[in-house]
Every structure is written in C-alpha cells, then in structure tokens.
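Asker: Give me a model of this one.
(one chain, ligands or ions: 1)
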Amino acid sequence: MTAPPATHPPPTGPHGTFGARNIVRFVRGQLPWLTALADEHGDVVRLKMLGKWWFLVSHPDDIERVLVKDARIMQRDAGVEIVRRFLGQGLLTSEGDVWKRQRKLKSQAFTPKRIAEYATAMVRVSDVVLRRWRDGATANVHQEMSQLTMEVVADVLFGASMSAADVDDVRGAMEIANEYLSGSPEAMLRFPRWVPTPRNVRTNGAVATLDRIVHGIIARRRTGEARDDLLGTLLAARDDDGAGMSDGQLRDEVMTLFLAGHETTSLALAHALYLLSENPDIAERLHAEVSSVLGDRLPTAEDARALPLADRVLKETMRLYPPAWATGRETTEPYELRGHPVPVGAQLICSQWVVHRDARWYPDPLRFDPDRWSPERAKDLPRFAYFPFGGGPRVCIGNHFAMMEATLLLAMIVQRFRVELLPGERLELAPAVTLRQKGDGLRVRTHARSAAH
Ligand code: HEM
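Answerer: This next block holds a predicted model:
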C-alpha cells in the first residue's frame with residue numbers, strides 16, 4: 001500500500017535550515033517544546049534537526065496510520081542506533097526478517113498462561129522487598145521501585161541462576177547505560193566506542209559487565225537442567241524449521257528484556273505512588289478495593305482482574321506520565337500526512353506526552369481522574385488517543401506482563417502502606433529514552449496500614 005499523493009504544501013513548523021537551534025531547544029525541554037509546537041502548528045508539524053526532517057504527528061487517526069495501517073513502509077527511527085550499543089539486534093532494535101523471527105520466538109514467553117505463572121515470582125520477590133519497608137521511614141520512591149522491578153525481572157528471567165552480586169552488578173551497569181542514553185553528547189553525536197571520553201570508557205565497561213553476566217548464565221543453562229523461567233522458554237523456543245536462538249541472539253534478547261522491561265514499569269509505579277500521595281481520596285478508595293479483595297493475603301494472577309480501580313489508577317498514571325513518552329518511526333517511501341508531503345527518511349514522532357494531554361480527547365487534561373477509564377466514559381475515545389505501549393506489529397511485547405506486574409505490586413504496596421510525599425519534594429521530569437525524574441528521585445514517608453507491617 002502506497003500513501004495517497006500529497007495535495008497540500010509542506011506543513012509549518014519552527015524555522016532552521018540545518019536544525020542546530022531546534023536540537024538545542026529539544027534537548028533543553030523536549031516536553032514543553034513539543035506541546036507548544038503542536039499547539040501552535042497543529043496536528044502535523046515539520047522541523048529540521050541535525051540535517052534531517054522531523055514531523056511531530058499528534059492526531060490519533062494519523063498515529064494509527066503510522067504505527068498500524070502503514071507499518072509496512074515504516075522502520076524504527078534514527079534514535080534506535082544509540083540503543084543498539086547495548087541491545088545489539090534484539091527485538092526492540094532489529095528490523096525485517098530478523099525482527100519477524102525473533103518476535104515469533106519470543107512471543108512463546110509472553111502467552112497469557114506464562115504471564116500468569118510469572119505472577120507467582122512477581123509476588124514472591126515483592127513480598128521479600130516490601131517486608132524490609134518500615135512504618136514512618138523515609139524512602140526514595142524512584143529508587144525503591146527501580147530496585148523492586150529489577151529484582152522481579154531478574155527472578156522472572158533467570159530464577160535462581162542469578163546471584164545477588166550479579167543483580168547488583170547489573171543494576172550498576174544499567175545506571176551507566178541510562179546515563180549514556182539520557183542525552184549524553186557521546187550518544188547524541190554518535191561518538192564511536194573507542195573515543196576515550198570518561199563516559200564512553202564507563203559505558204564500554206558496563207556493556208562488558210552485562211555481557212559477562214548474561215553469557216555466563218546462558219552457558220550454564222545450555223549445559224545444565226531445563227528450568228521453567230523466561231530464559232528457559234527462550235532457550236526452548238523453536239521456529240517452524242525447528243531452529244532455536246543462537247547464544248548471540250539470546251544475549252541481545254535477554255538484555256532487551258532487562259532494559260525495556262524494568263525501568264518502564266518502575267516509572268509507572270513510582271508515578272502512581274506520587275499521584276496517590278497527591279490524591280488521598282483516591283488512595284483511600286484504592287486501599288478499600290484492595291482490602292476487600294485481598295484482606296491480608298498475597299495476591300495471585302486472578303486477583304489482578306478483580307482490581308478495576310488499580311487498573312484505572314495505572315492507566316491514568318500512564319496517561320499523565322507515559323513511561324515511553326515518544327514513539328518514533330522513519331519513512332521508507334514518500335508519504336503524506338493530512339495531505340502534506342513527507343519525504344523518504346523523515347523521522348515521525350508520535351508523542352504519548354502530547355496526545356495524552358490533549359483537551360480534545362481528555363476534558364480537564366491535567367487532572368488525575370482514574371474514573372475517566374470507566375467503560376461508559378472511555379468508550380468514545382479515538383483508538384490512538386491512548387497508546388502507552390505503542391501499537392501495531394511492534395506493540396510492546398511486554399504489555400500484559402507489565403500490567404500484571406504493576407497491578408500486583410501496586411496492590412501489595414497499597415495493602416500495606418500509605419505513601420506520603422515529604423515536604424518540598426516536587427516531581428521534575430528529565431526525559432531520556434523514558435520519562436525519568438530529574439536527580440535522584442522523590443522522597444516519601446511510608447505509613448504502615450496495620451501493625452502486621
Ligand atoms: C509500563 C511498562 C512498559 C511500557 C510503557 C512500555 C512501552 C513500550 C512501547 C511504547 C513500545 C513500542 C516501541 C515502538 O513501537 O517503537 C515497547 C516495545 C517493547 N517493549 Fe515495552 N513497555 C513496558 C514494559 C515492558 C516489559 C515489562 C517488557 C518485557 C518484559 C517490554 C519489552 C518490550 C520489547 C521487547 C519491545 C519491542 C517490541 C518489538 O519491537 O517487537 N516492555 N514498549
């Protein structure tokens with residue numbers, strides 16, 4: 001399918017021939033800048049950045065075209081090159097036949113049945129971590145959630161194959177990876193790996209640490225007994241010809257799951273706890289729901305379906321603070337958007353941040369209102385007015401995994417604690433690949449709900 005011919009002139013946008021000024025504006029404050037561009041120029045904005053044409057695409061119908069209907073003539077945007085340094089040719093970073101084969105093999109690890117089985121590990125690991133929380137103690141909510149989701153993903157992926165020291169090393173390496181990916185000059189200007197800036201040297205060290213640990217685990221598992229964790233499913237996965245994944249592919253896929261699977265979910269949880277602390281009435285309603293379903297016991301996969309308010313709180317959190325705040329594509333053929341011509345090689349930005357806060361779809365868009373997601377109120381929303389997990393063939397493969405994990409963990413936290421933001425703490429976003437918090441993270445006080453905690 002080729003796009004219909006363009007009938008309009010190119011869309012308007014901020015000036016700049018090479019786009020150096022635009023990249024400075026972008027790096028200084030992506031979120032307000034993108035919102036202002038959409039407000040000023042409309043649903044399709046054209047701008048130059050670093051010599052390339054970029055298009056900000058903000059109408060849900062166009063986003064559906066880019067991600068779903070015309071997916072065949074789109075590939076990942078140029079930014080993916082930066083992530084390849086860590087993820088090689090994993091699912092997130094590959095294209096064409098490699099991607100197709102890996103997606104099919106990997107899907108075997110994300111069936112509803114497998115996800116329900118992972119739920120047991122999610123709850124077991126979280127129970128151990130939450131038992132360390134104390135009444136009246138202060139905690140850094142971003143760091144706590146990051147540690148929690150890292151331990152969960154390590155356990156679900158590898159079970160007992162990963163030592164506590166390895167988990168610590170991986171966490172340290174992931175921090176360095178995030179620092180590199182958070183708009184560092186080395187990443188933005190694509191410095192080769194051998195250029196010996198301190199950050200480049202640190203990043204090479206982090207990749208070497210991740211390789212050592214992941215290859216070590218794969219080698220042990222190839223020669224040892226079969227296990228029922230996610231890595232076990234990937235090791236056993238076969239395509240139609242009966243072929244499995246090579247060690248190199250497994251390494252890239254495992255790394256992808258670590259990077260894509262832990263920080264996103266941790267941000268969703270941290271922001272949900274922040275919003276609940278700012279909206280105590282909703283926090284109390286959620287506590288009442290969790291108490292009536294769970295009482296004092298641990299949740300199971302089935303319970304996740306019986307917690308509609310928890311689900312709406314998470315949906316509304318990811319509307320306001322989408323962990324993936326922009327999803328990019330590059331055109332591989334001449335294209336058109338709303339009648340405007342779009343050249344081959346253009347970078348299309350579909351920003352969850354911009355669309356999720358658009359008053360045309362969300363009345364009073366800045367208000368935290370989980371009840372927007374009641375079936376009666378949500379039924380008239382255009383399909384791609386909400387797309388925290390992307391859409392189309394490359395929709396997040398961990399979508400249901402993430403919702404299961406976030407629902408169970410949120411329920412366990414709310415069941416045991418009320419979380420209160422410490423005075424003076426403010427949410428200040430510093431978007432990198434994900435929508436991170438500036439600095440260390442928000443500090444909160446945890447109040448136990450009962451003497452048992
Ligand atoms: C709240 C949590 C999460 C959010 C918001 C999220 C968001 C996204 C988005 C927007 C994409 C699409 C990117 C694109 O089309 O360019 C994506 C892809 C992906 N996600 Fe997630 N994700 C989350 C959790 C997870 C988890 C838990 C896993 C794995 C355990 C995971 C693994 C992946 C992978 C492998 C891809 C690439 C899929 C492909 O290209 O075929 N994600 N995610």
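Asker: Would you mind naming what in this structure lies close to the ligand?
Answerer: Proximity of the chain to the ligand, by CB under 6 Å from any ligand atom, involves residues 91-92, 103, 256-257, 260-261, 264-265, 268, 323-324, 327, 388-390, 394, 396-398, 401-402. In short, each C-beta sits where N, CA and C put it, glycine included.
Asker: for the stretch 101-250 of the chain, what spans make up the strands?
Answerer: Remark: strands assigned in the stretch 101-250 of the chain by DSSP state E, counting those that start in this stretch are 137-140.
Asker: And the residue of it closest to the ligand?
Answerer: residue 103 (5.1 Å; CB to the nearest ligand atom).
Asker: Please name the residues that touch that residue.
Answerer: Going by CB atoms under 8 Å, 6 or more residues apart in numbering, residue 103 touches 91, 393, 397.
Asker: hmm, try it at 6 Å
Answerer: Neighbour list for residue 103: empty [criterion: CB atoms under 6 Å, 6 or more residues apart in numbering].
Asker: ditto for residue 236
Answerer: Applying CB under 6 Å, 6+ apart, no residues contact residue 236.
Asker: Repeat that for the one 3 residues further on.
Answerer: Remark: with contacts taken as CB under 6 Å, 6+ apart, residue 239 is in contact with residue 101.
Asker: In the stretch 351-453 of the chain, which residue sits closest to the ligand?
Answerer: Here the stretch 351-453 of the chain gets closest to the ligand at one residue, residue 398, 2.1 Å apart by CB to the nearest ligand atom.
Asker: element containing the residue nearest to that residue when sequence neighbours are not counted?
Answerer: Nearest residue to residue 398, sequence neighbours excluded (CB to CB, 6 or more residues apart in numbering): residue 261, at 5.3 Å. Following DSSP states H and E, the helix or strand that holds residue 261 is helix 247-278.
Asker: again with residue 444
Answerer: Going by DSSP H and E, residue 444 is in strand 443-448.
Asker: what sits up against that strand?
Answerer: Taking CB under 6 Å, 6+ apart as the rule, strand 443-448 contacts 133, 135, 137-141, 417-422, 425.
Asker: from these, which two are the most distant?
Answerer: Pairwise distances across the contacts of strand 443-448 peak at 19.4 Å for 135 and 425 (criterion: CB to CB).
Asker: what about the residue of the stretch 351-453 of the chain closest to the ligand, how many neighbours?
Answerer: Residue 398 sits with 23 neighbouring residues when counted by other CB atoms under 10 Å.
Asker: phi, psi of it?
Answerer: Torsion angles at residue 398 (phi, psi; degrees, to the nearest 10) stand at phi -100, psi 10.
Asker: measure it to residue 185 for me?
Answerer: Look at residue 398 and residue 185: by CB to CB, to the nearest Å, they are 31 Å apart.
Asker: Next, residue 336: secondary structure please.
Answerer: strand (DSSP: H, G, I helix; E, B strand; the rest coil).
Asker: Tell me what it is bridged to.
Answerer: residue 341 (DSSP bridges).
Asker: Just give me the neighbour total for it.
Answerer: Based on other CB under 10 Å, the number of other residues close to residue 336 is 17.
Asker: any idea how far the ligand is from it?
Answerer: Distance, residue 336 to the ligand, using CB to the nearest ligand atom, to the nearest Å: 21 Å.
Asker: ok, that residue touching residue 8?
Answerer: No - using CB atoms under 6 Å, residue 336 is not in contact with residue 8, being 8.4 Å away.
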